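In: Take a look and give me a structure for this.
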Amino acid sequence: MNNSVHGFHIPVMGLAYTIDSPFKVARFGINSVLSIVEDRLIETMRRYYYQQANEPYVPIDTTEENYRARRITDYLNLMNRTVQAQVETLKNAAFEAGSELVKYFDMLPDDSALKGLYLTMVQSNNTSEKAHLENVLRGSIQPGSIDVNIMTKVDKNNLDPDGTVIEGGSDALMALQGYLKSTLSHSSIIFSAGLNPRLFNYLENCPEFDANGIGQFDKKIVIKVSDYRSALIQGKYLAKKGVWVSEFRVESGLNCGGHAFATDGYLMGPILEEFKQKKEELVDALHSLYTHALIQKGKAVFERPHPIKLTVQGGIGTHEEDQFLHQYYGADSTGWGTPFLLVPEATTVDEDTLEKLQKAKQTDVVLSKASPLGVRFFYLKGTTSEVEKLNRIQHGRPGSPCTEKHLVTNTEFTTAPICTASHQYQKLKLAQLKSLDLPVEEYRRQAADVTEKECLCVGLSNAVSHVYGVPFLKKLHAVTICPGPNIAYFSRIASLEEMTDHIYGRTSLLDHTERPHMFLNELTQYLDYLNELFLDLDSADKKRVTYCRNFYRNLMDGIAYYRQLTPDLTRTSAARTAFSSGLSLAQERLQTLVDEFLPTLIADVV
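Out: Predicted coordinates:
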């Protein structure tokens, strides 16, 4: 398994925001992830980067067979050869101030052997030794991996001209095929949002994921999970098919950007502790099933299990937090997402939205119901997309044009699925609500939930049209952005070197706002979420009451775990005191919520 020269990665963000991050950061050894779900966006980027490369651009039209997969394959191939060329240029650069070669080594973590060798070269006064070390350093340069993401829930069926479902032609499967046919090697595909049987079953017939040796894969599988149980279930499902998961990427259920998949009150610390305690058990269980499947298929087996990486992301904001995840839980890499939205050298965000991100406060990022998928969605208020949505509502035409149709899932009023953010659906749903003769306040509440839905396919893609001046969709230019709550603590544009220095503790980019530890921030978000659950709770709904009781119990267990962890968590007595005080305040708030809403229903779990 190839080891990255950096201890962090840039996760997928939206559609546009990391769509070309490898072009920007891979040559510096930084791993990044792009979404390959939106093929119109991919085609837009193909057009732009072929022009940048001075190569002829040949459009892949929607009328062509397998156009979606072919667009993705060609874009990834263009990206791959561009990055390879960038690396060769880097290797031939001079070791002089301001060069990208110096930048590559300056950004490395201070505790890396390669950084130590570089500093030895810089300090050497021996001409022959210096020349030898320069050659060794040039030969050690490796690019960051070009990784792709498929959100498993985005998998609508596609039809041929006769209206028949195309076998193996769904959105996720075509994206997967596009990735498989690419020239990318030592690359990973990340599956997020849960187990998709159709997609996961397809993996069984993909030799591109077969191992070449222990831990040696040209293309690796990564599963994004929110807890250990999910990792075990999905890992076993694939292992039984002879498919190995090389990494489980643990993301906070709520302290993240974009779609938020809240756990049942399980907090990040206890989740990581379970992975830490059961890592060997997990590897052994998957290896046993994997080996049996390989034997059944007549394939070569491996005496030892392939390594499984554990990576962590969601709300990380300081070097100390980053180091703790590495050292205490054994994280192989940490994902820094939201802060990189303020790094134009790494991500693609338009100027207007950049300005809003810099000014964003905690109250500006909300856990909305804007996603048509019905999953909660972190959302920056005041964007051009929100302004456009409100204007449509005000003018009596709520909903958006549905041009991309990636999120068409609803058949409440139609035979063919439609998107709940579309004008068509919202018009039908609001008419239904009016016919029910609901009380005024209840109608307003339900109508607000309907009209809050927003077109994400276009809103999360449009930044590229503003940044690069390339056409995406005519007359649709509004931008949606989905930072995590962590954006409130970063308030200025930073260079790639500055952000890397921040991650490695060589500088700080945090503003002067007091920032609680990432574990406390997540705990606060779960308390807010529980408060919402209580407000909507019907005491006659016994199943929901039980769920809330378990949620409460899990939060209490998490607080107890953090109390035990506090001495190891922070370096200074002041930080330990602040963390302990934060826990006490959180526990008081939790108890107040429970006393208000469930005074008699949680007695047996206190």
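
In: mind showing which ranges of the protein have poor pLDDT?
Out: Residue ranges of the chain with pLDDT under 70: 1-2, 599-606.

In: Can you give me the domain assignment for it?
Out: 8-341, 350-498, 516-605 (automatic domain parsing).

In: Would you map the helices across the stretch 201-350 of the chain?
Out: All helices of the stretch 201-350 of the chain, identified by DSSP state H, counting those that start in this stretch, fall at 228-239, 268-296, 319-327.

In: Glu100 is nearest to which of these?
Out: helix 319-327 (24.3 Å; CB to CB). Heads up, the C-betas are built off the backbone N, CA and C, glycines and all.

In: Which strands and helices lie in contact with the closest one?
Out: strand 333-335, helix 496-503 (3 or more CB pairs under 8 Å, 6 or more residues apart in numbering; DSSP states H and E).

In: how many other residues sit next to the closest residue in space to Cys482 that isn't next to it in sequence?
Out: Nearest non-adjacent residue to Cys482, counting by CB to CB, 6 or more residues apart in numbering: Gly258, 4.3 Å away. By other CB atoms under 10 Å, the residues close to Gly258 number 25.

In: Equivalent analysis for Val387, please.
Out: Val387 has 11 neighbours, counted by other CB under 10 Å.

In: try Gln216
Out: Gln216 has 13 neighbours, counted by other CB under 10 Å.

In: Then Gln564?
Out: Counted with other CB under 10 Å, the neighbours of Gln564 add up to 10.

In: And it, which helix or strand is it part of?
Out: Element membership of Gln564, judged by DSSP states H and E, is helix 542-569.

In: and the next element down the chain from that helix?
Out: Per DSSP H and E, helix 542-569 leads on to helix 573-597 as the next helix or strand towards the C-terminus.

In: just to revisit the earlier point, could the helices and strands packed on helix 319-327 be laid out in JSON lines, adding distance to Tyr425 and mean neighbour count?
Out: Below are the helices and strands packed on helix 319-327 laid out as JSON lines (distance: least, CB to CB, whole Å; neighbours: other CB atoms under 10 Å):
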{"stretch": "strand 333-335", "distance to Tyr425": "34", "mean neighbour count": "23"}
{"stretch": "helix 496-503", "distance to Tyr425": "40", "mean neighbour count": "20"}
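
In: just so I know, which of those lies nearest Leu460?
Out: strand 333-335 (18.3 Å).

In: Which other helices and strands does that closest one contact?
Out: strand 8-10, strand 309-313, helix 319-327.

In: just these: most buried one?
Out: When you average the neighbours per residue for each of the helices and strands packed on strand 333-335 (mean count of other CB atoms under 10 Å), strand 8-10 leads with a mean of 26.

In: which ones are touching Asp277?
Out: Slight slip there: residue 277 is Gln, not Asp. If a contact means CB atoms under 8 Å, 6 or more residues apart in numbering, then Gln277 has no contacts.

In: Tell me the spacing between it and Val154.
Out: Distance, Gln277 to Val154, using CB to CB, to the nearest Å: 34 Å.

In: Check Phe377 too.
Out: Distance of Phe377 to Val154, given as CB to CB: 14 Å.

In: go on, Ser112?
Out: Ser112 sits 37 Å away from Val154 when distances are taken as CB to CB.

In: can you give me the helices for the stretch 401-550 of the chain?
Out: Secondary structure of the stretch 401-550 of the chain (DSSP H, counting those that start in this stretch): helices at 423-435, 440-451, 456-459, 463-468, 496-503, 518-535, 542-569.

In: Looking at the ones you listed, which is nearest to Gln327?
Out: The nearest among the helices of the stretch 401-550 of the chain, by CB to CB, is helix 542-569 at 9.4 Å.

In: buried stuff in that closest one?
Out: Residues of helix 542-569 classed as buried by neighbour count (16 or more other CB atoms under 10 Å): 545, 548-549, 551-556, 558-559, 562, 565-566, 569.

In: which strands and helices sit next to that helix?
Out: Helix 542-569 is packed against helix 268-296, helix 518-535, helix 573-597, with contacts defined by 3+ CB pairs under 8 Å, 6+ apart.

In: Tell me which stretches of the stretch 1-150 of the chain form helices.
Out: For the stretch 1-150 of the chain, helices defined by DSSP H, counting those that start in this stretch occupy the ranges 21-25, 39-52, 67-91, 100-106, 113-123, 127-140.

In: Show me which of those helices has the highest average neighbour count.
Out: Most buried of the helices of the stretch 1-150 of the chain by mean neighbour count (mean count of other CB under 10 Å) is helix 21-25; its value is a mean of 25.

In: Name the nearest residue to Phe534, sequence neighbours excluded.
Out: Using CB to CB, 6+ apart and skipping the chain neighbours, the partner closest in space to Phe534 is Phe597 (4.0 Å).

In: Same list, the helices of the stretch 1-150 of the chain, but as TSV with distance to Leu460 please.
Out: Listed next are those as TSV, based on distance: least, CB to CB, whole Å:
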stretch	distance to Leu460
helix 21-25	15
helix 39-52	9
helix 67-91	17
helix 100-106	30
helix 113-123	36
helix 127-140	37
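
In: I'd like to know which of those is closest to Gln432.
Out: helix 39-52 (31.6 Å).

In: before we move on, back to that, between the helices and strands packed on helix 319-327, which one is nearest to Ala448?
Out: Closest to Ala448 of the helices and strands packed on helix 319-327, according to CB to CB: strand 333-335, at 33.1 Å.

In: Work out the sheet partners of that closest one and label each with its direction, please.
Out: Strands that pair with strand 333-335, judged by DSSP bridges, come out as strand 8-10 (parallel), strand 309-313 (parallel).

In: Turn those into a markdown table, columns for distance to Ala293.
Out: Output for these, formatted as a markdown table (distance: least, CB to CB, whole Å):
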| stretch | distance to Ala293 |
| --- | --- |
| strand 8-10 | 29 |
| strand 309-313 | 21 |
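
In: and of the ones you listed, who's closest to His287?
Out: For the strands paired with strand 333-335, proximity to His287 was assessed by CB to CB; strand 309-313 is nearest, at 14.9 Å.

In: how many degrees apart are the closest one and helix 319-327 in direction?
Out: With axes from the mean of the first three to the mean of the last three CA atoms, to 10 degrees applied, the angle from strand 309-313 to helix 319-327 works out at 160 degrees.

In: Run the chain-centre distance for strand 309-313.
Out: Centroid separation for strand 309-313 versus its chain: 12 Å, with CA atoms, centre = their mean, to the nearest Å.

In: next one: stretch 274-294
Out: 25 Å.

In: got the contact list for Ile233?
Out: Leu195.

In: again, 10 Å this time
Out: Contact analysis of Ile233 by CB atoms under 10 Å, 6 or more residues apart in numbering lists Gly194, Leu195, Ile223, Val225.

In: Now Lys429. Nearest residue, chain neighbours left out?
Out: Counting by CB to CB, 6+ apart, Lys429 lies nearest to Val450, which is 5.0 Å off, once chain neighbours are set aside.

In: neighbours around that neighbour, how many?
Out: Quick note: Val450 (other CB under 10 Å) scores 20 neighbours.

In: quick thing: my sequence starts at 844, can you match it?
Out: Happy to do that; since the first residue is 844 now, the last one works out to Val1293.

In: Distance check, it against Pro1244.
Out: Distance, Val1293 to Pro1244, by CB to CB: 17 Å.

In: related to what we said a few turns ago, residues that sit against both of Phe1220 and Val997, list them.
Out: Leu1299.

In: My guess is Leu1129 contacts Gly1078. True?
Out: Yes. Leu1129 is in contact with Gly1078 according to CB atoms under 10 Å; the separation is 4.9 Å.

In: Identify the contacts common to the two.
Out: Val1086, Trp1087, Val1088, Ile1151.

In: Next up, the contacts around the second one.
Out: Contacts for Trp1087 (CB under 10 Å, 6+ apart) come out as 1052-1054, 1058, 1060, 1063-1064, 1078, 1081, 1129-1130, 1133, 1136-1137, 1145, 1148-1151.
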